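> Need a 3D model of the sequence below.
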Amino acid sequence: MALASTAALAIPGTAFAVEAPNVTVATGINTATFTITAPESALAGCLGPWIHTEADAIAILNSPTLDVANNPLNWLVGNPVSPITPNGDRNSDGSLNYVYPEPGQTEVAKIPYIADGEYVAGSLCMGWDGAATWALTQTPFTIGSPDSSPGPGGSATGSLGSLSFGS
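Sure thing, here's the model as predicted:
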């Protein structure tokens, strides 16, 4: 099992109005288990994980039209790797694959059947500063031994390490 580091992103000017969730991930054979803790200051709790491939995450974060830095809710776009189950927030074994921890609470989400690859999971918390504000925690993780050969017209190198948040 591996643990991944996280990066927090909050709307500029409101960074103290809402705290991002604390997220850890443990990976297994084609699975990932997320532990998401909502800060006490979260107005309506948190939600997650919303998982994109690393390539999709980079495209979303670099999109001038989505502007995730100023609107963290735009992380919830596109075709995520998870959540996609037909049973709502539950896996076939009854475990949760998407959670909504309340302020100060911790919830665990298990994501089964993930192909080998590089991924980024996003978890959001809501706060209030005269209006709803959101904070996003991004948690990169790897499943298995991803294929490092480049696709057509693509490059096999890339990193979320160049992304930085905060002031």
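> For this protein, which residue occupies the most central location?
Within the chain, the residue whose C-alpha comes closest to the C-alpha centroid is residue 122; the distance, by Cα atoms, centre = their mean, is 1.3 Å.
> Might you report the residue contacts of that one?
48-52, 75-76, 136-139 (Cβ atoms under 8 Å, 6 or more residues apart in numbering). C-beta here means a position set from N, CA and C on the backbone, and glycine is covered the same way.
> Please narrow these to those residing in strands.
Within the contacts of residue 122, membership in strands is found for 48-52, 136-139, as judged by DSSP state E.
> if I look at residue 98, how far off is residue 89?
The gap separating residue 98 from residue 89 is 4 Å, by Cβ to Cβ, to the nearest Å.
> the more surrounded of these two?
For residue 98 versus residue 89, the count of surrounding residues by other Cβ atoms under 10 Å is larger for residue 98: 22 against 14.
> count of neighbours near the closest residue to residue 32 other than its chain neighbours?
With Cβ to Cβ, 6 or more residues apart in numbering as the criterion, residue 32 has its nearest non-adjacent residue at 4.7 Å, and that residue is residue 111. Residue 111 has 28 neighbours, counted by other Cβ under 10 Å.
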